[in-house]
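>>> the sequence and its predicted three-dimensional model are supplied below.
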Amino acid sequence: MRSIWNGAISFGLVSIPIKLVNATESHSISFRQIHLADGGRIRYRKVCEVDEQEVTAAEIGKGYEDADGSIIPITDEDLGSLPLPTAKTIEIVAFVPATEIDPLQMDTAYYLSANGVPAAKPYTLLREALKRSQKVAVAKYALRGRERLGMLRVVDDVIAMHGLLWPDEIRATDGVAPETDVTVREAELDLADALMATLGEVDMDTLHDDYREAVEALIASKASGEALEPAASGETGGGKVIDLIAALENSVRAAKKARGEEAEEVEESESAPVAGVTSLAARKKSGGTGAKKKAAATATPRKAAAKKSTPGRTPAKKTAARSTTKSTAKSTAKSTAKSTAKTATKKTAKTTAKKATPRKRASA
């Protein structure tokens, strides 16, 4: 790999000659600007504003525009003569736990390669010291006309350096968080946990750029003159107001199906609430009495089963009980009929006597 910077790591009084190599590369597909009328390439030309002449790269230098609009020329020699110890040195200033580095500060990554045989020993010493301490080194270095902050850590058997943004280059989070007060229920958190557990972990090496592959297929089809069938557009939320509980439940089911779990488990999750959480719609319909109904339904068959399974009753005893019940019913009916008849006879006699007795006339 081609080095982009040569210098040294300053580790106390130890100096380690190194070469700086890019640790990443871009695989994004770049496009050219063309003239839609004839497909001609559109190019940018660098023209001087004074004489309106096009200039080459060798004729272009640096300059700082002052507040009044005047340009102050700055040469590479001017920058190289600055009294900075980091001009050609990666100066380690501290060793800290990796958790103290805010990921927001992470920038470009580089590999540091030992430059020459004499550098192998101190390079290995620093690498092993970083491994054993389980810390990272915070360093300052100068690259492309400015001083930068970096973090050194070990990747396999190589010291890698991540360029870091300065703390004052990280913007505050003011005005980014939702302005309205939102309450998250335990049921929603339970479903979110279930979804996270279902999605599980992923092997980072299996992830790839689907968009880039689609663009490459599009370019190949156009180059061969074939028509590429458009992909079916998936439905998205589109800013619609949704039932969060239902969306989480559906997400868990979809994640299970995507991970190839058994159909029985998926069917069970469709018929029962996910992670033991009842959906809001089911709660509204049951009105909070679902537990009572379930208890009653469970208790009724138990009682019936208990009656059926009562020991000690034989067919003979059942027959005797039935005959005793019939005789008792007959005697009760007879006595009731007799008492009713006597009562009716007495009432009739009283009524007849009253009608037969003449009423006295009232005196004048």
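Good, I have the coordinates. Numbers count the residues shown, from 1 in each chain.

>>> please make it C-alpha for all contacts and neighbour counts, starting now.
Noted.

>>> Leu130 in helix, strand or coil?
Here Leu130 takes the helix state, with states given by DSSP: H, G, I helix; E, B strand; the rest coil.

>>> can you pull the pLDDT of it?
On pLDDT, Leu130 comes in at 95.

>>> number of residues surrounding it?
Neighbourhood size, Leu130 [other Cα atoms under 10 Å]: 18.

>>> nearest residue to it other than its sequence neighbours?
Leaving aside its sequence neighbours, Leu130 sits nearest to Val136 (Cα to Cα, 6 or more residues apart in numbering; 6.5 Å).

>>> how about the strands in the chain?
If DSSP state E is used as the criterion, the strands of the chain fall at 3-11, 14-22, 62-65, 71-74, 89-96, 106-114, 136-143, 146-155, 158-164.

>>> hang on, Ile18 packs against Tyr111?
No - using Cα atoms under 8 Å, Ile18 is not in contact with Tyr111; the gap is 9.6 Å.

>>> Asp190 is nearest to which of the strands of the chain?
Nearest to Asp190 among those is strand 106-114 (32.8 Å), distances taken as Cα to Cα.

>>> contacts for that closest one, please.
16-24, 120, 123, 158-165 (Cα atoms under 8 Å, 6 or more residues apart in numbering).

>>> let's see 7 Å
Identification of contacts with strand 106-114 by Cα atoms under 7 Å, 6 or more residues apart in numbering yields 17-24, 120, 123, 159-165.

>>> could you dump the strands of the chain to CSV with mean neighbour count, distance to Ala194 and mean pLDDT?
Listed next are those as CSV, based on neighbours: other Cα atoms under 10 Å; distance: least, Cα to Cα, whole Å; pLDDT from 0 to 100:
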stretch, mean neighbour count, distance to Ala194, mean pLDDT
strand 3-11, 18, 47, 88
strand 14-22, 20, 40, 91
strand 62-65, 11, 57, 92
strand 71-74, 12, 60, 92
strand 89-96, 18, 36, 93
strand 106-114, 19, 31, 93
strand 136-143, 21, 35, 92
strand 146-155, 19, 34, 93
strand 158-164, 21, 35, 96
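
>>> okay, those strands in a markdown table with distance to Val47 next?
Shown next, in a markdown table, are the strands of the chain (distance: least, Cα to Cα, whole Å):
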| stretch | distance to Val47 |
| --- | --- |
| strand 3-11 | 29 |
| strand 14-22 | 32 |
| strand 62-65 | 15 |
| strand 71-74 | 16 |
| strand 89-96 | 37 |
| strand 106-114 | 32 |
| strand 136-143 | 28 |
| strand 146-155 | 27 |
| strand 158-164 | 34 |
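
>>> figure out which of those is closest to Ala254.
strand 106-114 (34.1 Å).

>>> sheet partners, orientation included, of the closest one?
strand 14-22 (antiparallel), strand 158-164 (antiparallel) (DSSP bridges).

>>> CA atoms of the last one as CSV?
The C-alpha coordinates for strand 158-164 follow below in CSV (Å, rounded to 0.1, in the frame of the first residue of the first chain):
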residue,chain,number,x,y,z
VAL,A,158,-0.8,-3.4,13.5
ILE,A,159,-1.0,-0.1,15.2
ALA,A,160,-3.9,1.8,13.7
MET,A,161,-4.7,5.5,14.1
HIS,A,162,-8.1,7.1,13.9
GLY,A,163,-8.2,10.8,13.2
LEU,A,164,-10.3,12.6,15.8
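
>>> touching that strand from outside, list them.
Against strand 158-164 from outside (Cα under 7 Å, 6+ apart): 105-112, 127, 149-154.

>>> 6 Å - rerun?
Residues from elsewhere that reach strand 158-164 (Cα atoms under 6 Å, 6 or more residues apart in numbering): 105-112, 149-154.

>>> quick one: it to strand 146-155, angle?
Here strand 158-164 runs at an angle of 140 degrees relative to strand 146-155 (axes from the mean of the first three to the mean of the last three Cα atoms, to 10 degrees).

>>> and strand 158-164 with strand 89-96, angle?
With the same axes, to 10 degrees applied, the angle from strand 158-164 to strand 89-96 works out at 90 degrees.

>>> picking up where we left off before, how about the strands paired with strand 106-114, which one is nearest Lys256?
Among these, strand 158-164 sits nearest to Lys256 (Cα to Cα), with 37.5 Å.

>>> and the angle from that closest one to strand 136-143?
Using the same axes, to 10 degrees: strand 158-164 against strand 136-143 is 70 degrees.

>>> would you map the helices across the protein?
For the chain, the helices defined by DSSP state H cover 76-80, 120-133, 186-199, 210-224, 244-258, 263-271, 280-286, 290-308, 315-356.

>>> now the strands paired with strand 106-114 as a markdown table including distance to Gly69?
Converted to a markdown table, the strands paired with strand 106-114 look like this (distance: least, Cα to Cα, whole Å):
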| stretch | distance to Gly69 |
| --- | --- |
| strand 14-22 | 37 |
| strand 158-164 | 32 |
